[in-house]
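Participant: return a 3D structure for these sequence lines:
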Amino acid sequence: MTKIKLNTQYKKLLADTITPVSIYLQIRDRFANPILLESSDYHGQENSYSYICFNPLASFSFDGTVIKEELPLGNSSSYTLSDGKKLIDALRAFSARFEEKSLNLKFITNGLFGYMQYDTVSRFEDIDLKNTKESKIPMMHYAVYQNVIVVDHFKNEMHILEHQVEGAEKPDNISQLETILNNKNIPSYSFKLEGEEVSNYTDSEFLDILKKGQEHCFRGDVFQIVISRNYTTKFKGDEFNVYRALRSVNPSPYLFYFDYGSYKVFGSSPEAQIVVKNNVATIFPIAGTFKRTGNDQADAELALKLYDDPKENSEHVMLVDLARNDLSRSSVKVKVEVFKEIQYYSHVIHLVSKVTGQLPKDANPLQLVADTFPAGTLSGAPKYRAMELIDELENTSRKFYGGAIGFLGFNGDFNHAILIRSFVSENNQLRFQAGAGVVAKSSIASELQEVTNKLEALRVALKAAETI
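Facilitator: Residues are numbered from 1 along each chain as shown. Modelled structure (predicted):
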């Protein structure tokens, strides 16, 4: 298969007077399908970069049946997966077609940016999800972008990259981008909620489903199951204001805003789906949740209670074991590097661990992604049976909720957030969702409250967006 060779034009500028949000606001109305990835986790230089990508050069989409590949120079193809052919292998083959000369920079310069919805698991495992419905929104979508702007927050530097396909007409957007970014007149629009939010369950209905999930734990069908409910609210105006508010009230390691025109996916996720870098795979199980009080001393006391809480601990240990098991399917030297660390977020306190595995030589790193998808913290344990029961108990498809969004390198490196604490915007409606991990020792009323706690930051952001 012929390689698609990419040449890169590159310029470095000072970035002490601009932010990723201001850059995004300047370019979003001028260029196609802009996306924004940020992190509020600046503890290390590796996490101190923000990315703004636009002008797709190529894309890989899967609608549940057909794969569509759009390639440079007007080439495109559509095909269905033949017997024995794996979706994850098709994505890997698409990614491997691209070749970029290294610029020897410490940050990501190019690759595939996109998402996979929760229901994609039916193409990774032999499982039939009856709730999955046809949708105009692709189940999986990744794109290679012509333009990437990288902001280095440690050094206050901005790097403008333009990727050009060898043999194609060479665009020159860098000078144009400089002019645009020097313009301090940033366009802004208002946002307003319309009517009341609507859920797919009443509280009493959701309590009944949580109880049914717990009954399966009592029977030994599963040790834990994550049951979720979704909400929808109508709006008018600019939903980017919601993202701006959310990144303020709920700073997280993964902040993202992906604009696909007819729909947008954005959020503030605390948890990685899986990170693969230099042939080492890492999962960070987050399980165990207490609501913060806003008082540091009270929160510290709550953290100690969370650390010792029998129910929260049993849930956490279970999901650490599940991460070890998932990684063991296609990696070696699996170990728990960090166990049960207390981490504070804007509205909740979590227990977090770190589990790693080494990929064997010549292994397909994306197979490991498929083996560990979706995250055990969004399904339960044993994962396969938990997903079957979720499909029986919940009354709608999960779609984006519990899926993954982020970056896939041409070399197989992978860094995706779990799609939680997130919104999907479509037809002037915002959808958002959260779940509760039920075990035999659960207090069902507490699990109902846990969903409310997890969604509090999103609801605060919705109200705050109206004042921007």
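
Participant: what about the stretch 251-400 of the chain, any weak spots by pLDDT?
Facilitator: 288-289, 345-347 (pLDDT under 70).

Participant: and for the stretch 51-200 of the chain?
Facilitator: In the stretch 51-200 of the chain (pLDDT under 70), the answer is 83, 171.

Participant: can you show me the strands along it?
Facilitator: 66-70, 76-80, 98-100, 112-116, 140-152, 157-165, 191-199 (DSSP state E, counting those that start in this stretch).

Participant: which stretch among those comes nearest Ile52?
Facilitator: strand 140-152 (4.3 Å; C-beta to C-beta). C-beta here means a position set from N, CA and C on the backbone, and glycine is covered the same way.

Participant: gap between that closest one and the chain center?
Facilitator: Distance of strand 140-152 from the chain centroid (C-alpha atoms, centre = their mean, to the nearest Å) equals 15 Å.

Participant: and Cys306, what element?
Facilitator: Just so we're on the same page, residue 306 is Leu rather than Cys. In the assignment (DSSP states H and E), Leu306 maps to helix 296-308.

Participant: what sits up against the helix or strand that that helix is followed by?
Facilitator: Next helix or strand after helix 296-308 toward the C-terminus (DSSP H and E): helix 310-328. Residues outside helix 310-328 that contact it (C-beta atoms under 8 Å, 6 or more residues apart in numbering) are 223-224, 281, 283, 285, 287-290, 306-307, 334, 336, 339-340, 351, 353, 355-357, 368, 371-372, 376-377, 381-383, 437, 439, 441-443.

Participant: what residues sit buried inside helix 310-328?
Facilitator: Under the neighbour-count criterion of 16 or more other C-beta atoms under 10 Å, helix 310-328 has 311-327 buried.

Participant: which residues in this protein form helices?
Facilitator: 20-27, 87-96, 174-182, 203-219, 240-249, 296-308, 310-328, 365-371, 383-393, 444-465 (DSSP state H).

Participant: could I get those helices as JSON lines with distance to Lys106?
Facilitator: Shown next, in JSON lines, are those (distance: least, C-beta to C-beta, whole Å):
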{"stretch": "helix 20-27", "distance to Lys106": "18"}
{"stretch": "helix 87-96", "distance to Lys106": "21"}
{"stretch": "helix 174-182", "distance to Lys106": "20"}
{"stretch": "helix 203-219", "distance to Lys106": "45"}
{"stretch": "helix 240-249", "distance to Lys106": "24"}
{"stretch": "helix 296-308", "distance to Lys106": "34"}
{"stretch": "helix 310-328", "distance to Lys106": "27"}
{"stretch": "helix 365-371", "distance to Lys106": "20"}
{"stretch": "helix 383-393", "distance to Lys106": "35"}
{"stretch": "helix 444-465", "distance to Lys106": "31"}
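
Participant: how about the contacts made by the nearest residue to Glu337 once chain neighbours are set aside?
Facilitator: Nearest non-adjacent residue to Glu337, counting by C-beta to C-beta, 6 or more residues apart in numbering: Lys354, 4.6 Å away. Residues near Lys354 by C-beta under 8 Å, 6+ apart: Thr282, Ile283, Phe284, Val336, Glu337, Val338, Glu341.

Participant: so the third one sits right up against Ser353, yeah?
Facilitator: Yes. With contact defined as C-beta atoms under 8 Å, Phe284 and Ser353 form a contacting pair (6.9 Å).

Participant: in TSV, list the strands of the stretch 51-200 of the chain along with mean neighbour count.
Facilitator: Listed next are the strands of the stretch 51-200 of the chain as TSV, based on neighbours: other C-beta atoms under 10 Å:
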stretch	mean neighbour count
strand 66-70	16
strand 76-80	10
strand 98-100	17
strand 112-116	24
strand 140-152	23
strand 157-165	20
strand 191-199	13
